[in-house]
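Student: fold the following, please.
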Amino acid sequence: MGINALQGKQIVIAGSRKTDEMCMVIEKQGGVPIVRSLQGLTMFDEALLEAPLRNFAEQGADWVILTTGMGSDQIVNTADSIGIKQAVLGRLAEAKIATRGYKTSAFLKRSDLKAVVSTDDGTMDGLIENLEAFDFEGQRVWIQLHGEPAPKLVRFLENKGASQVEAVLPYKHVPPDAATVELLLSELSAGTVDTVCFTTAVQVHYLFKHAIESGRKELLLNIFNQHIVAAAVGKVTAAALKEYGVERIIVPELERMGALVIEIGRYYERTEGKEV
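Tutor: As a prediction, this is how the structure comes out:
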């Protein structure tokens with residue numbers, strides 16, 4: 001990739017973490033970074049975890065599905081703070097464990113636990129596909145989620161005969177500033193930016209939720225599919241864009257911010273002189 005592959009390109013960063021680092025990487029490639037955080041706030045609420053954890057420590061489960069490394073760590077930290085860490089770790093060791101994503105696999109390694117099922121692509125669909133071969137008839141399943149429900153996974157387990165499915169959300173999302181979302185939609189409509197970098201699926205959901213509520217979903221889809229490039233840091237974020245109908249998505253092989261910026265540069269080098 002050339003040293004100025006992003007020369008003059010207006011690149012929107014939709015995340016809220018490590019934005020200074022992303023700005024530097026974009027500027028080194030000649031691009032102009034614009035931060036428009038669609039992330040909102042992720043608030044941990046220990047009160048949401050205490051009752052489900054005490055119940056889990058007492059009764060356990062046949063299956064435990066862990067979907068995020070951060071959430072898995074928080075389960076153990078909260079169990080420790082309320083004096084039931086060893087009981088919770090014991091119940092985890094007794095259960096069949098399924099994990100989603102490499103950070104959750106790393107949590108298991110640190111905790112000396114093993115997974116029966118794991119999916120490295122990080123997607124919920126990949127997890128469900130890997131669980132398809134197992135029998136859940138009469139099984140009690142305990143799911144650790146992050147900040148959003150997972151109705152598709154719950155339905156899948158119920159359809160497979162699970163007798164009880166309990167989903168625990170140790171975090172809750174607080175929406176981003178509505179003025180920021182509206183500003184980005186206006187910039188996209190006016191064509192004053194070239195690419196939007198999405199670093200989590202929740203950013204995609206908030207942008208499209210705002211567009212849907214204001215009657216501009218089709219406009220937003222047309223913008224991404226015809227004019228402005230959508231870039232996703234990994235498969236989970238890309239899947240969220242596809243879910244809404246976005247067809248043209250840049251996704252790096254390595255799910256890292258730097259790799260995403262490099263992939264965007266390569267895209268523009270390939271399409272230089274063409275309408276994008």
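
Student: quick check, Glu247 in contact with Asn222.
Tutor: No. Between Glu247 and Asn222 there is no contact under Cβ atoms under 8 Å: 10.9 Å. Where you see a C-beta, it was placed from the backbone N, CA and C, and this is true even at glycine.

Student: let me see the ranges of the strands in the stretch 51-200 of the chain.
Tutor: In the stretch 51-200 of the chain, strands defined by DSSP state E, counting those that start in this stretch lie at 63-66, 96-100, 117-119, 140-144, 164-168, 171-174, 195-198, listed in chain order.

Student: pick out the shakiest of those, pLDDT-wise.
Tutor: Ranked by mean pLDDT, the strands of the stretch 51-200 of the chain end with strand 171-174 in last place, scoring a mean of 74.

Student: and Pro175, how far from Lys209?
Tutor: Distance, Pro175 to Lys209, using Cβ to Cβ, to the nearest Å: 8 Å.

Student: kindly apply the preceding question to Gly101 instead.
Tutor: Noted for Gly101: a distance of 24 Å to Lys209, by Cβ to Cβ.

Student: measure the nearest residue to Ala239 once chain neighbours are set aside to Lys152 for me?
Tutor: Taking Cβ to Cβ, 6 or more residues apart in numbering as the measure, Ala239 lies nearest to Thr123, with 5.3 Å between them; neighbours along the chain are not counted. Per Cβ to Cβ, Thr123 is found 11 Å from Lys152.

Student: same drill for the two, tell me which one is more crowded.
Tutor: Using other Cβ atoms under 10 Å, the more surrounded residue of Thr123 and Lys152 is Thr123, with 20 against 11.

Student: contact partners of the lowest-mean-pLDDT helix or strand in the chain?
Tutor: Taking mean pLDDT, DSSP states H and E as the measure, strand 41-44 is the helix or strand of the chain with the lowest mean score, a mean of 71. The contact list for strand 41-44, computed with Cβ atoms under 8 Å, 6 or more residues apart in numbering, reads Gln74, His146, Gly147, Pro170, Tyr171, Lys172, His173, Val174.

Student: repeat for stretch 255-269
Tutor: 1-2, 5-6, 9, 11, 18, 21-22, 25-26, 29, 31, 122, 195, 197, 199, 229, 231-235, 250-253, 276.

Student: per-residue confidence for Gly15?
Tutor: Per-residue confidence for Gly15 comes out at a pLDDT of 89.

Student: list the helices and strands the helix or strand where Met22 lies packs on?
Tutor: Using DSSP states H and E, Met22 sits within helix 19-28. Identification of packing neighbours for helix 19-28 by 3 or more Cβ pairs under 8 Å, 6 or more residues apart in numbering; DSSP states H and E yields strand 10-13, strand 32-35, helix 257-271.

Student: highest mean neighbour count across these, which stretch is it?
Tutor: Among the helices and strands packed on helix 19-28, ranked by average contacts under mean count of other Cβ atoms under 10 Å, first place goes to strand 10-13 (a mean of 23).

Student: ok, that one: who's next to it in the sheet?
Tutor: Each strand paired with strand 10-13, and its direction, by DSSP bridges: strand 32-35 (parallel), strand 195-198 (parallel).

Student: hmm, back to that, please report how far the residue nearest to Ala239 lies from Leu38.
Tutor: For Thr123, the distance to Leu38 under the criterion Cβ to Cβ works out to 20 Å.

Student: then Leu221?
Tutor: Leu221 is 17 Å from Leu38, where distance means Cβ to Cβ.

Student: quick one: low-confidence parts of the stretch 51-200 of the chain?
Tutor: Along the stretch 51-200 of the chain, the model assigns pLDDT under 70 to residues 147.
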